[in-house]
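>>> just need the structure, nothing else, for what follows:
(2 chains)
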There are 2 protein chains.
Amino acid sequence: MEIVALAGGIGAGKFLRGVRRVAAAEGHRLSVIVNTGDDLDHLGVHVSPDLDSVCHWLSGEMDRERGWGVRGETFAMMEALRANPLAPGWFNLGDRDLSTHLYRTMRLRQGATLSAVTAELARERFGIEATILPMTDDPVTTRIVVRGVDGVSEDLHFQEYWVDRKAQGHVVEVRFDGASTARPAAGVEPALTAADAILLCPSNPVVSLGPILAIPGVRSLLRRRRDVTVGVSPIVGGAPLAGMADRLMPAVGLEVSAIGAARSVADVATGWVVDTTDRDLADAIEDELPGMRVRVTDTVMRDDDVATEVARTALSVVSG
Amino acid sequence: MEIVALAGGIGAGKFLRGVRRVAAAEGHRLSVIVNTGDDLDHLGVHVSPDLDSVCHWLSGEMDRERGWGVRGETFAMMEALRANPLAPGWFNLGDRDLSTHLYRTMRLRQGATLSAVTAELARERFGIEATILPMTDDPVTTRIVVRGVDGVSEDLHFQEYWVDRKAQGHVVEVRFDGASTARPAAGVEPALTAADAILLCPSNPVVSLGPILAIPGVRSLLRRRRDVTVGVSPIVGGAPLAGMADRLMPAVGLEVSAIGAARSVADVATGWVVDTTDRDLADAIEDELPGMRVRVTDTVMRDDDVATEVARTALSVVSG
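Numbers count the residues shown, from 1 in each chain, chains lettered A, B, ... in the order given. Predicted structure coming up:
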């Protein structure tokens, strides 16, 4: 069976460890299409936070407690950087992570596509068997427009909003600059077309799945594959398990709930996995969203066993 | 008094700590013009080994034992990089050093000149009072052509020759690509013109001082300032204290001795400091090179006290 997952960062990483275990046990192949709207050029290096996060989690090098980066990470570069008051110190670049950023940046400058570099890193640096695909090789940047208490609006890179501003301010707009002219990376459409199961990871519907679905052709292709597509709700008990979806969903008219998140993908998914906390919403979701089958399970992925059960539950919607 | 020094890497660094101490004690100002022929773009970052070395030594952050880099340096990035067999692992980039490379690269990409970035780093990152000037803001690259035992020639970047190949092979040519069209960086000519004393640090005459003197206008200006210019021999007892000058000097027709090194700068220097080991060469140098006054002192700079004495000795030639 060919399994394809659409992924953002940490929530996706936890879930994908379960998917990978099921795939390995049952001889399925796994491809992951990853959001690159969070990518940024910082200190001259190209950082792809979600690609890195997915690679860290699938390789087992992730720092489960901190949620991002690799275990045993050190920050000697940052410490020295902060000795220079002229240097931008707001975005943390770990020493070990830097090897990935530097390799990626070098290869991109040599003319390699992000897809090619991602494949090299996944296989050679991280030893990952799954196919890791950036959503696009073209530059797409998620911008967040916030209005402060003083009424002044600011147009921020997603990472500035999230890391530097700690998601402060009222979000009035979310844009994916470059998305309308971006093309899906080479492997994306073939993978979606050939998939026996497509999984929407429990990722931020606005800034993780949103950019992937905004790449021309992807959403319409997914609609045609709706019968094999299942999502896992990133919202549990009316709040995200991690991140700032609660501040972004209202800005695009989505209720911060398992049902609100389901609405955002109702045109592309036939299955929706919600946490046991949200058991009561199952009927409401199926009533409101025709053709959507809801499954209920523990989706708070404390460990790989829970993640594996979530993966099995999601796959059960489309594979019997 | 205005003191200007021409500098390469480690030997220069040790000497400059002595010069700085004399300058501080006697109220002189110090400017250092630094070789950039060793600069390389590696892993997408712009590395300026000699500029960094001079800054490390003048700031006191140098690792005196290893000779390069900063004390307490770690190599977590390199360790992770080497986990990727596709990544070039031959050039060591320390984690703390990386903060300098990254800041420099970022600023150069923003359009800043190397001079401007160097001034920012020297002042803000390293707290150095002296003026640190790259010899040029234009790209100049020292290339070493070596012939192996198999008779095949290879044209290598200086760092490939030195770090990757460990100075193996017979050197048949040394080139400074880009030098003939490079312009001295903005402050270089004014500093040399205004100098009351010009010091040639005990640096490799071929690949450290050579590139600086190859920048159009510099050598001719120095000839006009010969009466205030003094060099310190980098060769002691017929061998360099560090580096590979013994393999490069023959390739450009220079004898590997205090006299050979003196010959390479006889047109621009009126003073030459040799080590006590080479006391016997003093008369021969003065006889062969008219107008060259030789001073003898201990030039093996184990510590700042020795370096200070070398600096005082060099300055004594031109300031009384």
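>>> now A:Glu54: which helix or strand?
One correction, residue A:54 is Val, not Glu. helix A:49-59 (DSSP states H and E).
>>> got a list of what A:Thr141 touches?
Counting by C-beta atoms under 8 Å, 6 or more residues apart in numbering or on different chains, A:Thr141 touches A:37, A:39-40, A:157-158, A:176-178. Placement of C-beta: from N, CA and C, glycine included.
>>> widest-spaced pair of the residues you listed?
A:Leu40 and A:Phe176 (14.0 Å; C-beta to C-beta).
>>> re earlier: output whichever helix or strand comes after the helix holding A:Val54 in CSV with nothing but the alpha carbons.
Using DSSP H and E, the helix or strand that follows helix A:49-59 in sequence is helix A:76-81. Once non-C-alpha atoms are left out, helix A:76-81 reads as follows in CSV (Å, rounded to 0.1, in the frame of the first residue of the first chain):
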residue,chain,number,x,y,z
ALA,A,76,27.4,27.5,21.4
MET,A,77,26.9,29.3,18.1
MET,A,78,24.0,31.3,19.5
GLU,A,79,25.8,32.1,22.7
ALA,A,80,28.7,33.6,20.7
LEU,A,81,26.3,35.3,18.3
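>>> buried set for the following helix or strand past helix A:76-81?
Heading C-terminal from helix A:76-81, the first helix or strand you meet, by DSSP H and E, is helix A:95-109. Within helix A:95-109, the residues that qualify as buried are A:95-108, counting by 16 or more other C-beta atoms under 10 Å in any protein chain shown.
>>> past helix A:95-109, which element shows up next along the chain?
Next element after helix A:95-109 (DSSP H and E): helix A:114-120.
>>> centre of the chain to that next one, how far?
Distance of helix A:114-120 from the chain centroid (C-alpha atoms, centre = their mean, to the nearest Å) equals 17 Å.
>>> list the contacts of it.
Residues contacting helix A:114-120 (C-beta under 8 Å, 6+ apart): A:34, A:36, A:48, A:51, A:103-104, A:107-108, A:112, A:131-134, A:136-137, A:185-187, B:84, B:86.
>>> which SS state does A:Leu30 fall under?
Of the three states, A:Leu30 takes strand according to DSSP: H, G, I helix; E, B strand; the rest coil.
>>> pull the contacting residues for the residue nearest to it when sequence neighbours are not counted.
With sequence-adjacent residues excluded and distances taken as C-beta to C-beta, 6 or more residues apart in numbering or on different chains, A:Leu30 is closest to A:Ala130, at 4.1 Å. A:Ala130 makes contacts with A:16, A:20, A:23, A:29-32, A:58, A:122, as judged by C-beta under 8 Å, 6+ apart.
>>> what is the burial count for A:Asp177?
Using other C-beta atoms under 10 Å in any protein chain shown, A:Asp177 has 14 neighbouring residues.
>>> that one against A:Asp138, yeah?
No. The pair formed by A:Asp177 and A:Asp138 falls short of the contact definition of C-beta atoms under 8 Å, at 10.9 Å.
>>> go through stretch A:264-284 and flag the buried ones.
A:264-266, A:268-275, A:277-278, A:281-282.
>>> list the ones among those residues that fall in strands.
A:271-275 (DSSP state E).
>>> just to revisit the earlier point, quick check: the farthest pair among the buried residues of helix A:95-109?
The widest separation within the buried residues of helix A:95-109 (C-beta to C-beta) is 20.7 Å, between A:Asp95 and A:Leu108.
>>> so for the residue nearest to A:Leu30, what pLDDT did the model give?
With respect to pLDDT, A:Ala130 has a value of 97.
>>> backbone phi and psi for it, please?
phi -60, psi 160 (degrees, to the nearest 10).
>>> A:Gly8 and A:Asn35 touch, don't they?
Yes. Checked against C-beta under 8 Å, the pair A:Gly8 and A:Asn35 is within contact range at 4.9 Å.
>>> give me the common contacts of these two.
With C-beta under 8 Å, 6+ apart as the test, A:Gly8 and A:Asn35 both reach A:50, A:203, A:207-209.
>>> neighbour count, distance to B:Leu222 and pLDDT added to those, as a markdown table?
As requested, the shared contacts of A:Gly8 and A:Asn35 are exported to a markdown table (neighbours: other C-beta atoms under 10 Å in any protein chain shown; distance: C-beta to C-beta, whole Å; pLDDT from 0 to 100):
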| residue | neighbour count | distance to B:Leu222 | pLDDT |
| --- | --- | --- | --- |
| A:Asp50 | 27 | 55 | 97 |
| A:Ser203 | 32 | 63 | 96 |
| A:Val207 | 27 | 59 | 96 |
| A:Ser208 | 29 | 61 | 97 |
| A:Leu209 | 26 | 65 | 97 |
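>>> among those, which one sits closest to chain B?
A:Asp50 (19.0 Å; C-beta to the nearest C-beta).
>>> residues in contact with the closest one?
Applying C-beta under 8 Å, 6+ apart, the residues near A:Asp50 are A:7-9, A:12, A:34-36, A:38, A:208.
>>> and if you look at A:Val34?
With C-beta under 8 Å, 6+ apart, A:Val34 has these contacts: A:7-8, A:12, A:48, A:50-51, A:54, A:118, A:132-135, A:212.
>>> what does A:Trp272 give?
A:230-233, A:258, A:262, A:265, A:285, A:289, A:292-295.
>>> in contact with the closest residue to A:His101 other than its chain neighbours, which residues?
Leaving aside its chain neighbours, A:His101 sits nearest to A:Val45 (4.2 Å; criterion: C-beta to C-beta, 6+ apart). Residues near A:Val45 by C-beta under 8 Å, 6+ apart: A:93, A:98, A:101-102, A:104-105, B:44-45, B:102.
>>> buried sites along whichever helix in chain A runs longest?
Determined from DSSP state H, the single longest helix within chain A is helix A:10-26. Neighbour-count burial for helix A:10-26 flags A:10-23 (criterion: 16+ other C-beta under 10 Å).
>>> same thing with stretch A:128-138?
For stretch A:128-138, by 16+ other C-beta under 10 Å, it's A:128, A:130-138.
>>> on that earlier part again, need the contacts of A:Val45 in a markdown table with distance to B:Arg64 and pLDDT, can you?
Formatted as a markdown table, the contacts of A:Val45 follow (distance: C-beta to C-beta, whole Å; pLDDT from 0 to 100):
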| residue | distance to B:Arg64 | pLDDT |
| --- | --- | --- |
| A:Leu93 | 28 | 95 |
| A:Leu98 | 26 | 97 |
| A:His101 | 31 | 97 |
| A:Leu102 | 28 | 97 |
| A:Arg104 | 35 | 97 |
| A:Thr105 | 32 | 95 |
| B:Gly44 | 30 | 89 |
| B:Val45 | 25 | 93 |
| B:Leu102 | 25 | 97 |
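>>> any chance of those in JSON lines, plus distance to A:Phe75?
Shown next, in JSON lines, are the contacts of A:Val45 (distance: C-beta to C-beta, whole Å):
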{"residue": "A:Leu93", "distance to A:Phe75": "8"}
{"residue": "A:Leu98", "distance to A:Phe75": "10"}
{"residue": "A:His101", "distance to A:Phe75": "14"}
{"residue": "A:Leu102", "distance to A:Phe75": "16"}
{"residue": "A:Arg104", "distance to A:Phe75": "19"}
{"residue": "A:Thr105", "distance to A:Phe75": "19"}
{"residue": "B:Gly44", "distance to A:Phe75": "20"}
{"residue": "B:Val45", "distance to A:Phe75": "18"}
{"residue": "B:Leu102", "distance to A:Phe75": "13"}
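>>> in space, what's closest to A:Leu102 - neighbours in sequence excluded?
B:Leu43 (4.3 Å).
>>> which one is the residue in the stretch 201-320 of chain A that chain B sits nearest to nearest to, not counting chain neighbours?
Nearest residue of the stretch 201-320 of chain A to chain B (C-beta to the nearest C-beta) works out as A:Asp304 at 22.5 Å. Nearest residue to A:Asp304, sequence neighbours excluded (C-beta to C-beta, 6+ apart): A:Arg17, at 5.0 Å.
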